[in-house]
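> Provided below are the primary sequence and the corresponding predicted coordinates.
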Amino acid sequence: MPMITSSEIKNSTFDHVSFRGYNPDQVDKVLDNAAETIDSLSRENAILNEKLHALTSQVEVLRQREASLNEVMIRAQKMSDDLMAETKAKCDAMIADAEQKSSELLLSAKNLGDAKIAEYKEAIREEKLRFEKAQEEAATFIDMIVGELTAHTELIAKIKTKAHIEDFTPTPAPAPVAEPTPAPVIEEVPVAEPVSVIPEPISEPVVVEEPTPVAEEKAAVAETVDDIASKILGTAPAAAPTAGMSWDEIIGLKSTPASAPAPQKSSSDASGLKFGKEFDITIK
């Protein structure tokens, strides 16, 4: 259906009929109102079209923005997914590397600990063997010293007994001196001069003095033996002999008087010492 404009309505004409026709004034008035209405509607339509065009432009811009935002969101989502995947991969790699290094460190520490323990056990075993050997050597040395001291004690006892017997043995009287016999006088024979026979005196035992270094060495050895004997047997060492002392006083032959105080036992007590296989050095 063709559209009619307001100008066409205004310029339209009608044929006049005389019979049963319309009032021309009323028709003109209606046509004028219709034309004005159409003009008003046309103006409003133009305004609406302009607004629609503007809104259409805005919608297009918004659509472009939406598309751009969608693209940005898609890219951001993709970047986020890629970053998450990369981060997860790095975390997994770091965790795996840390676990591997931890296992290696634990294994290395265990091996080092085992090696140190084995080394310490070997050192303890060697030290134990060396200590046992030292104990055996000390026990052997002490047994030897005790044996020598026992032998020396027995020898000293024998010497004391012998000296005691010699003190109570009477000294034999010296042999009588023979008078010189005069030779008979014979005539015409030369008289021999009398010869006096003088008995030889009893020679005293010659004491050969030892050289000073030898005597000092023997004195030092005797003093060392006395010290060891005093430590093991708990007795005081004998006093060194001095000039003017008799043989009995030197070897201690004479008995101690009843009023003399008994010798005190030395504070050195070796009864608690343990040597040899009886001493357990097991390390707990």
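Alright, I've got the coordinates.

> alpha carbons only for contacts and neighbour counts from here, please
OK.

> same for the helix or strand hosting residue 84, what does it pack against?
Secondary structure assignment for residue 84, by DSSP states H and E: helix 24-168. Packed against helix 24-168 by the contact rule (3 or more C-alpha pairs under 8 Å, 6 or more residues apart in numbering; DSSP states H and E) you find helix 6-11, helix 212-233, helix 247-251.

> can you give the contact residues for the first one?
This means helix 6-11. 31-32, 34-36, 38-39 (C-alpha atoms under 8 Å, 6 or more residues apart in numbering).

> and those, which are buried?
31-32, 34-36, 38 (16 or more other C-alpha atoms under 10 Å).

> quick one: these as CSV, columns for pLDDT too.
Below are the buried ones among the contacts of helix 6-11 laid out as CSV (pLDDT from 0 to 100):
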residue, pLDDT
31, 81
32, 82
34, 84
35, 83
36, 85
38, 86
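
> which of these lies closest to residue 71?
Closest to residue 71 out of the buried ones among the contacts of helix 6-11 is residue 38 (47.4 Å), distances taken as C-alpha to C-alpha.

> look up the closest residue to the closest one, ignoring the ones flanking it.
residue 6 (5.8 Å; C-alpha to C-alpha, 6 or more residues apart in numbering).

> ok, how many other residues are close to the one you found?
19 (other C-alpha atoms under 10 Å).

> repeat for residue 134
With other C-alpha under 10 Å as criterion, residue 134 counts 14.

> tell me the pLDDT of it.
Residue 134 is assigned a pLDDT of 94 by the prediction.

> mind pulling up the pLDDT for residue 229?
56.

> that should have said residue 160, apologies.
pLDDT at residue 160 comes out at 81.

> again, but for residue 213
Per-residue pLDDT puts residue 213 at 49.

> ditto for the one 5 residues further on
Residue 218 carries a pLDDT value of 51.

> also residue 208?
Reported pLDDT for residue 208: 44.

> for residue 63, give me its contacts.
Counting by C-alpha under 8 Å, 6+ apart, residue 63 has no contacts.

> would you format the contacts of helix 6-11 as a markdown table with distance to residue 110 included?
Below are the contacts of helix 6-11 laid out as a markdown table (distance: C-alpha to C-alpha, whole Å):
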| residue | distance to residue 110 |
| --- | --- |
| 31 | 113 |
| 32 | 112 |
| 34 | 108 |
| 35 | 108 |
| 36 | 106 |
| 38 | 103 |
| 39 | 103 |
